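J.: Got a sequence here, can you model it:
(2 chains)
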Protein chains: 2
Amino acid sequence: MAEMMRRFVLARRPSGFPVEADFRLEEVPLPAPGPGEVLVQLSHFSLDPYMRGRMDYVQSYTDPQELDHTMGGGGVGQVIASQDPGFRAGDLVFGMFGWATHGCLPGRRLRKLAPHLPPSTALGVLGMPGFTAWSGLRAHGRMAPGETLVVGACTGPVGSMVGQLAREAGLHTVGITSGPEKRRLALETFRFDACLDRLEHDTILKMMEAMHEVCPKGVDIYFENVGGVTLGGVLPVMNTHGRIIVCGMVAWYSGETDATGQMPLQKVWRMALVKRLTIQGLLQTDHLPLFDQFLEEVTPKVRDGRIRYLEDMAQGLESAPQAFFSMLRGGNMGKQVVAL
Amino acid sequence: MAEMMRRFVLARRPSGFPVEADFRLEEVPLPAPGPGEVLVQLSHFSLDPYMRGRMDYVQSYTDPQELDHTMGGGGVGQVIASQDPGFRAGDLVFGMFGWATHGCLPGRRLRKLAPHLPPSTALGVLGMPGFTAWSGLRAHGRMAPGETLVVGACTGPVGSMVGQLAREAGLHTVGITSGPEKRRLALETFRFDACLDRLEHDTILKMMEAMHEVCPKGVDIYFENVGGVTLGGVLPVMNTHGRIIVCGMVAWYSGETDATGQMPLQKVWRMALVKRLTIQGLLQTDHLPLFDQFLEEVTPKVRDGRIRYLEDMAQGLESAPQAFFSMLRGGNMGKQVVAL
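T.: Prediction:
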């Protein structure tokens, strides 16, 4: 009997917020690696907000997730068979294996992991989310000491890296998160200078007033992960020549809207003009040629604790859908990973 | 009896679109220049869309126009008395004299005019509007040959300069204007590769379809002067890594709105992310240290006709309000000036 692997496929496109029935758990034969291919047994895979966008059939920066195919995403694990001379059994690698126990990919699409660090770090602090933060600030932040940076989802893997890099660069850092536990984490673990709980400031006006208080010199950089009330509150507080880096808007990924989402374009256009704002869309793949430089610069800082990280580990393949839903609602504490 | 001068003051703040009664024509004694000051008899003054914004009492990039003070703005004329050793009677100068027959300013706030060109060019092609176009493209355009640029109000002094500079840089240039006469002007005088009449494409959908046709490779740079249906139509046609330079939005200066103005922020935010747009507010005063370089580079091109310009001359101080209203509605053919 053939050896088997398990995986989640997208069974249907979600209508609004996704539910369990949008996914299907399958058992399929373990593939045999063809020439140049490498078979990997995963130890962890990643759950990221961008995956919700791919589940709709719309034009975006990536192709939509195909129905009845393995849910796409990054994973790490150990090589168990290799037809690529660059890899051998036992090697720890990263690749886009998806929500599955095993994966088989061409060797040229894999990356070997840095030694002496948990493999799961390649999914977060030293992976796509960490690189998103690093490359976005580098390309578009124009950070200057003494300036103020605000970032939403500030205990997540992007937000916590943004805050720590800005802190290193001498900025006043303000995180926005949800709930007292994550607020404490932002202040104590990620050392934000201030942190607002968006659940306590649940209208644009309240958020704006709170933002004024914790950003007495206004906001120079807003790193946008969330949209929603955080965006609504920060816009009026932006300084002249402020930069808004639009990286994500998790509050709106499932078609939700709110007062900020409905804000008239005209108002934003006027702000952009009067304050000479730069509003810049960010996608980390545009910056991939710098990935090695990112690893070289940030890996030592992760090793010695100058850059801290936190992972939220769901246990077992079956836990993936619920962990994904929870993450979309902000229920995760740190980078959401599934451990197999 | 003292010599007299005439001027328009702002009599009250307009409610919506301005009317004659918002202004008051006054006769006041001609000032005598104090130490360091220069008295000038104006030959022309400028009417610009930004003046409408200053008539409201709101926070903007300039202080509001004060009530009962001379309507602010640029003017050119001849020195008739000087207490500044750098100027003497007969010199042609530019200064912020306002809507008036005469003005008195410190010499350090005046600029002598380039010889051998009509003085009025210092209000348009070689003045603030021309510099706005030049500095905006230089700082934020990242123009590359073969790219496509779209600009609204394309026969105005900013738009026509934007189009001509982009054309020189090897871009495919598309202008948007209103009416067949200005469309002809855009194509023949300013040599746009294509020109759309926004009155013929008066919904976002119609404008978008027309834009698709004249921009077969999409839009890389949109120089925003107007807002309204032009903006609504160009947004869906923007290319990945497109640049939007927000310089003005004359369609909305008097509190008007429309389908584009009401477009939800959420939609724009998503476009910015998916296409990694740069949306950049532009104010020419941020770039003033480059003004001499602008004059040096562009003046020879204006002299020999490589850069063309067109002026719409209203005759006499009294004509200023009506000429201003007409300009806000797009009734001017080229840079709107009042000749005294």
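
J.: list the contacts for the closest residue to A:Met238 other than its chain neighbours?
T.: Closest residue to A:Met238 apart from its sequence neighbours, by Cβ to Cβ, 6 or more residues apart in numbering or on different chains: A:Val219 at 5.2 Å. In this view, the C-beta of every residue, glycine as well, is placed from N, C-alpha and C. Contacts here follow Cβ atoms under 8 Å, 6 or more residues apart in numbering or on different chains; on that basis A:Val219 touches A:148-150, A:174, A:211, A:234, A:237-239, A:242.

J.: Can you list which of those residues are found in helices?
T.: Among the contacts of A:Val219, DSSP state H puts A:211, A:234 in helices.

J.: Now rank the contacts of A:Val219 by neighbours and give me the top one.
T.: A:Val150 (33 neighbours; other Cβ atoms under 10 Å in any protein chain shown).

J.: Would you agree it is in contact with A:Tyr222?
T.: Yes. Counting by Cβ atoms under 8 Å, A:Val150 does reach A:Tyr222; the two are 5.0 Å apart.

J.: what is in contact with the two at once?
T.: A:Val234.

J.: tell me the centre residue of chain A?
T.: Nearest to the geometric centre of chain A sits A:Pro129, at 4.4 Å (Cα atoms, centre = their mean).

J.: Phi and psi next, for that residue.
T.: phi -60, psi -50 (degrees, to the nearest 10).

J.: in the stretch 101-250 of chain A, which spans are strands?
T.: A:102-106, A:111-112, A:148-151, A:172-177, A:194-197, A:219-224, A:238-246 (DSSP state E, counting those that start in this stretch).

J.: can you list those strands in a markdown table and add mean pLDDT?
T.: A markdown table is the format used below for these (pLDDT from 0 to 100):
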| stretch | mean pLDDT |
| --- | --- |
| strand A:102-106 | 97 |
| strand A:111-112 | 96 |
| strand A:148-151 | 98 |
| strand A:172-177 | 98 |
| strand A:194-197 | 98 |
| strand A:219-224 | 98 |
| strand A:238-246 | 98 |
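
J.: where does A:Glu296 fall, helix, sheet strand or coil?
T.: Secondary structure state of A:Glu296, per DSSP: H, G, I helix; E, B strand; the rest coil, is helix.

J.: and chain A, which of its residues are near chain B?
T.: Those residues of chain A that sit near chain B, judged by Cβ under 8 Å from any Cβ of the partner chain, are A:59-61, A:224, A:227, A:231, A:241, A:246-249, A:252, A:257, A:260-283, A:286.

J.: Which entries within those residues meet the buried criterion?
T.: For the residues of chain A next to chain B, a burial check counting by 16 or more other Cβ atoms under 10 Å in any protein chain shown picks out A:60-61, A:224, A:227, A:231, A:246-249, A:252, A:260-261, A:263-266, A:268-283, A:286.

J.: From those, which land in strands?
T.: Using DSSP state E, the members of those that fall within strands are A:224, A:246, A:278-281.

J.: Just the closest of these to B:Val298, please.
T.: A:Thr278 (25.8 Å; Cβ to Cβ).

J.: Run a quick neighbour tally on the closest residue in space to A:Gly330 that isn't next to it in sequence.
T.: Nearest residue to A:Gly330, sequence neighbours excluded (Cβ to Cβ, 6+ apart): A:Ser178, at 4.8 Å. When neighbours are defined as other Cβ under 10 Å, A:Ser178 has 21 of them.

J.: before we move on, back to that, the ones in strands among the buried ones among the residues of chain A next to chain B: which two are farthest apart?
T.: A:Glu224 and A:Thr278 (12.3 Å).

J.: overlap in contacts of these two?
T.: Common neighbours of A:Glu224 and A:Thr278 (Cβ under 8 Å, 6+ apart) are A:Ile244.

J.: Now do the end-to-end distance for stretch A:252-262.
T.: By Cα to Cα, to the nearest Å, the extent of stretch A:252-262 from end to end equals 11 Å.

J.: neighbouring contacts of that stretch?
T.: Applying Cβ under 8 Å, 6+ apart, the external contacts of stretch A:252-262 come out as A:14, A:16-18, A:49, A:52-53, A:203-204, A:227-229, A:231-232, A:251, A:328, B:264-266, B:269-270.

J.: Now with 6 Å, please.
T.: A:16-17, A:52-53, A:204, A:227-228, A:231-232, B:264, B:266 (Cβ atoms under 6 Å, 6 or more residues apart in numbering or on different chains).
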